[in-house]
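J.: Quick one: sequence and predicted model below, then my questions.
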Amino acid sequence: MSDEKLFNRWLVVAGALIIQVSLGAVYIWSVFQTPLQEVFPSWSETAVTLPAQIVLAAFALAVIFGGRFQDRLGPRKVATAGGIILGAGLILASFTAVMPPTFALIWLIFTFSVLGGIGIGCAYVCPIATCVKWFPDKRGLITGLAVAGFGAGAFFFAPLARALISGDYYQMFGITVFSLPRVGVFNTFMVLGIIFLAAVVLGAQFLRNPPNGYMPKGWTPPQSASGQPLLKVDFTPSAMLRTPAFWMLWVTYFAGCTAGLQVIMKASPIWQSFSIPGFGVPVAEADFLSVAALGAMAVSILAIFNSVGRILWGKISDMIGRKAALTIMFFICGLVMLILNTMQSYPQFVLGIGLIGLCFGGYLALYPAVTADFFGTKHIGANYGWMYTAYGAGGIAGPLLAAKLMRVEDSVPYMVTSATGDISKNLFTVANYQAAFVVAGVACIFAAFVMMMVKAPNIEESQNLKVAAPSETLKG
């Protein structure tokens with residue numbers, strides 16, 4: 001096909017990865033949590049968790065509108081706009097430092113969470129919807145690749161943010177790479193905002209939709225028992241929302257995101273609670289920085305598992321089917337959540353959160369593919385936007401469960417040296433998150449059983465919902 005000769009579909013994947021690596025840095029919030037509480041000691045655990053919850057909710061809601069706009073305007077324009085909004089949000093978040101203390105949290109939520117979330121949501125859906133259309137022959141694998149960068153973003157940016165905040169070395173797996181100046185928590189928002197704006201806008205320029213009726217060279221659509229191509233119906237968003245299958249998928253997606261985001265957004269303080277002794281014993285600054293560095297490294301390792309899970313489970317789902325792969329993932333995630341509180345040595349902790357990240361990454365890879373499998377690709381941007389609201393709901397529920405159900409075990413003093421050399425004493429809250437882990441784990445086990453029962457809508461059901469007749473041949 002001439003269009004294929006003029007444009008290599010793998011360039012879309014390259015653009016998707018550039019975009020998603022930057023958007024995935026939303027997962028590094030836990031690195032900011034303790035430094036923000038140092039600046040604003042009056043902020044409670046619930047208060048400092050609020051920006052993380054709202055950015056995920058705004059992100060998920062923006063995917064709906066971003067999906068609709070990209071279906072109409074094309075992915076390049078919408079992704080570019082998303083990058084500009086995201087960058088502006090983080091740059092404006094740096095001005096939290098000059099806000100009155102009573103207004104600072106509101107400003108941070110408006111800039112980092114609302115503007116940042118809208119920018120992420122608009123840019124996020126574009127590469128996914130575009131890649132699904134270009135790769136009907138490798139749908140699971142490609143949706144995994146398309147969102148792999150989103151999981152990997154924290155791997156690169158968590159140690160960068162930590163080093164910029166404290167004026168330390170940029171480290172990966174404990175290996176010192178280079179030193180960075182101390183710019184503080186708020187200027188770190190500024191630096192990241194500039195990086196994300198440039199990267200997302202660049203990646204957006206690689207996105208374009210395939211021509212109508214596009215099929216990869218040499219690919220034959222799957223055949224029915226009679227030897228005829230399998231026909232898939234393109235559901236409109238309103239028709240999709242009226243199917244039981246959508247809501248069963250939504251509930252399972254919500255359960256998986258609740259568990260995964262609970263750990264991802266709290267990984268660093270969870271590790272700090274595991275490793276800092278209680279009983280009011282003061283912690284030296286060097287010891288606390290060492291614990292914080294291990295926490296940041298855990299976030300980076302979690303990001304690797306998150307990213308690998310998107311590719312791995314995408315490929316597995318192409319071989320054994322989406323339902324089977326998702327059922328296995330929910331069982332693994334649920335069982336690990338139930339025992340996570342006992343995994344308190346660093347290797348055990350990294351293994352536990354790594355398995356959760358592996359499954360969570362799989363959810364983000366497979367649910368776009370499942371949405372396309374069940375409801376077609378014509379309205380995939382808008383349809384997956386509605387499915388993605390489960391992610392936003394999980395982004396609120398997961399961190400909220402961790403904040404509300406945690407049990408405070410002690411408040412431990414630790415030393416902090418300011419930029420001017422003054423030494424002060426802050427308090428770190430040693431918390432027990434077991435109740436939150438158990439609730440999320442049980443929800444994932446329940447989701448595994450629901451996944452076993454869900455069935456794709458058939459042609460007769462689509463006709464009852466007044467869906468248009470089949471318009472294209474797709475892989476089921």
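T.: Thanks, I have it. Numbers count the residues shown, from 1 in each chain.

J.: going forward, measure contacts and count neighbours with C-alpha atoms only.
T.: Noted.

J.: list the contacts for residue 299?
T.: 28, 154, 155, 158, 264, 267, 268 (Cα atoms under 8 Å, 6 or more residues apart in numbering).

J.: Of these, which is the most crowded?
T.: residue 154 (32 neighbours; other Cα atoms under 10 Å).

J.: All the strands of the stretch 151-300 of the chain, residue numbers only.
T.: Counting by DSSP state E, counting those that start in this stretch, the stretch 151-300 of the chain has these strands, from start to end: 169-172, 175-179, 231-232.

J.: For those strands, could you give me a markdown table that also reports distance to residue 207, mean pLDDT and mean neighbour count?
T.: Supplementary listing: the strands of the stretch 151-300 of the chain in a markdown table, determined by distance: least, Cα to Cα, whole Å; pLDDT from 0 to 100; neighbours: other Cα atoms under 10 Å:
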| stretch | distance to residue 207 | mean pLDDT | mean neighbour count |
| --- | --- | --- | --- |
| strand 169-172 | 31 | 76 | 20 |
| strand 175-179 | 33 | 76 | 11 |
| strand 231-232 | 25 | 56 | 22 |
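
J.: Quick one: closest of these to residue 202.
T.: Closest to residue 202 of the strands of the stretch 151-300 of the chain is strand 169-172 (Cα to Cα; 24.9 Å).

J.: who's in contact with the closest one?
T.: Contact with strand 169-172 is made by 159, 160, 163, 176, 177, 178, 179, 180, 297, 300, as judged by Cα under 8 Å, 6+ apart.

J.: related to what we said a few turns ago, would you turn the strands of the stretch 151-300 of the chain into TSV with distance to residue 95?
T.: As requested, those are exported to TSV (distance: least, Cα to Cα, whole Å):
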stretch	distance to residue 95
strand 169-172	25
strand 175-179	25
strand 231-232	50
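
J.: buried set for the helix or strand hosting residue 348?
T.: Using DSSP states H and E, residue 348 sits within helix 346-375. Neighbour counts using 16 or more other Cα atoms under 10 Å place 349-375 of helix 346-375 among the buried residues.

J.: helices or strands up against it?
T.: If you count contacts as 3 or more Cα pairs under 8 Å, 6 or more residues apart in numbering; DSSP states H and E, helix 346-375 packs onto helix 116-134, helix 139-166, helix 244-264, helix 285-320, helix 322-339, helix 380-387.

J.: So which of those is the most surrounded?
T.: helix 116-134 (a mean of 30; mean count of other Cα atoms under 10 Å).

J.: In contact with residue 300, which residues?
T.: Contacts of residue 300 (Cα under 8 Å, 6+ apart): 154, 155, 156, 158, 159, 172.

J.: With respect to residue 107, which of those residues is nearest?
T.: Using Cα to Cα, residue 158 is the member of the contacts of residue 300 that sits closest to residue 107, with 22.6 Å.

J.: Next, give phi and psi for residue 208.
T.: Main-chain dihedrals, residue 208, degrees, to the nearest 10: phi -160, psi 150.

J.: State the number of residues packed around residue 30.
T.: 24.

J.: ok, now the one 3 residues further on?
T.: When neighbours are counted by other Cα under 10 Å, residue 33 registers 20.

J.: wait, it sits on residue 47?
T.: No - between residue 33 and residue 47 there is no contact under Cα atoms under 8 Å: 10.1 Å.

J.: what's the distance between residue 188 and residue 158?
T.: Distance, residue 188 to residue 158, using Cα to Cα, to the nearest Å: 11 Å.

J.: quick one: low-confidence parts of the stretch 201-350 of the chain?
T.: Residue ranges of the stretch 201-350 of the chain with pLDDT under 70: 220-232, 277-286.

J.: try it again with 90
T.: Applying pLDDT under 90 to the stretch 201-350 of the chain picks out residues 209-239, 261-304, 306-308, 310-311, 314-315, 318-319, 321-322, 344-345.

J.: do the same with the stretch 351-476 of the chain
T.: 364-365, 368-369, 372-382, 384-385, 388, 391-434, 455-476.

J.: can you give me the strands in it?
T.: 407-417, 423-432, 472-473.

J.: now swap in the stretch 1-150 of the chain and tell me
T.: Under DSSP E, counting those that start in this stretch, the stretch 1-150 of the chain gives no strands.

J.: Where do the helices of it begin and end?
T.: Secondary structure of the stretch 1-150 of the chain (DSSP state H, counting those that start in this stretch): helices at 2-6, 9-23, 29-39, 45-73, 75-93, 101-108, 116-134, 139-166.

J.: Just put these in CSV and tack on mean pLDDT and distance to residue 275.
T.: Shown next, in CSV, are the helices of the stretch 1-150 of the chain (pLDDT from 0 to 100; distance: least, Cα to Cα, whole Å):
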stretch, mean pLDDT, distance to residue 275
helix 2-6, 47, 54
helix 9-23, 89, 30
helix 29-39, 83, 15
helix 45-73, 85, 18
helix 75-93, 95, 31
helix 101-108, 89, 29
helix 116-134, 90, 32
helix 139-166, 81, 18
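
J.: Now tabulate those helices in a markdown table and tack on distance to residue 393.
T.: Output for those, formatted as a markdown table (distance: least, Cα to Cα, whole Å):
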| stretch | distance to residue 393 |
| --- | --- |
| helix 2-6 | 39 |
| helix 9-23 | 19 |
| helix 29-39 | 17 |
| helix 45-73 | 6 |
| helix 75-93 | 21 |
| helix 101-108 | 20 |
| helix 116-134 | 14 |
| helix 139-166 | 18 |
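
J.: Quick one: closest of those to residue 333.
T.: Closest among those, using Cα to Cα: helix 139-166, at 16.6 Å.

J.: Going by distance to residue 344, which of the contacts of strand 169-172 wins?
T.: For the contacts of strand 169-172, the nearest to residue 344 is residue 297 (15.4 Å; Cα to Cα).

J.: these two touch, right, that closest one and residue 159?
T.: Yes - between residue 297 and residue 159 there is a contact at 6.9 Å, judged by Cα under 8 Å.

J.: What residues does residue 68 make contact with?
T.: Applying Cα under 8 Å, 6+ apart, one finds that residue 68 lies in contact with 381, 382.

J.: Residue 134 too?
T.: Per Cα under 8 Å, 6+ apart, neighbours of residue 134: 9, 209, 210, 214, 215, 216.

J.: isn't the last one right next to residue 137, touching?
T.: Yes - under the contact definition of Cα under 8 Å, residue 216 touches residue 137, with a separation of 7.4 Å.

J.: Neighbours of residue 377, how many?
T.: Each residue near residue 377 was counted by other Cα under 10 Å, and the total is 27.

J.: how far away is it from residue 361?
T.: For residue 377, the distance to residue 361 (Cα to Cα) stands at 22 Å.

J.: again, but for residue 412
T.: Taking Cα to Cα, one finds residue 412 at 34 Å from residue 361.

J.: Kindly report the same for residue 31.
T.: 20 Å.

J.: Filter the contacts of residue 134 down to the ones in helices?
T.: residue 9 (DSSP state H).

J.: Please pick the buried ones from the contacts of residue 134.
T.: By 16+ other Cα under 10 Å, those give 9, 209, 210, 214, 215 as buried.

J.: Can you name the two of the residues you listed that sit furthest apart?
T.: 209 and 215 (12.5 Å).

J.: Return the residues in contact with residue 50.
T.: Residue 50 makes contact with residue 109 under the criterion Cα under 8 Å, 6+ apart.
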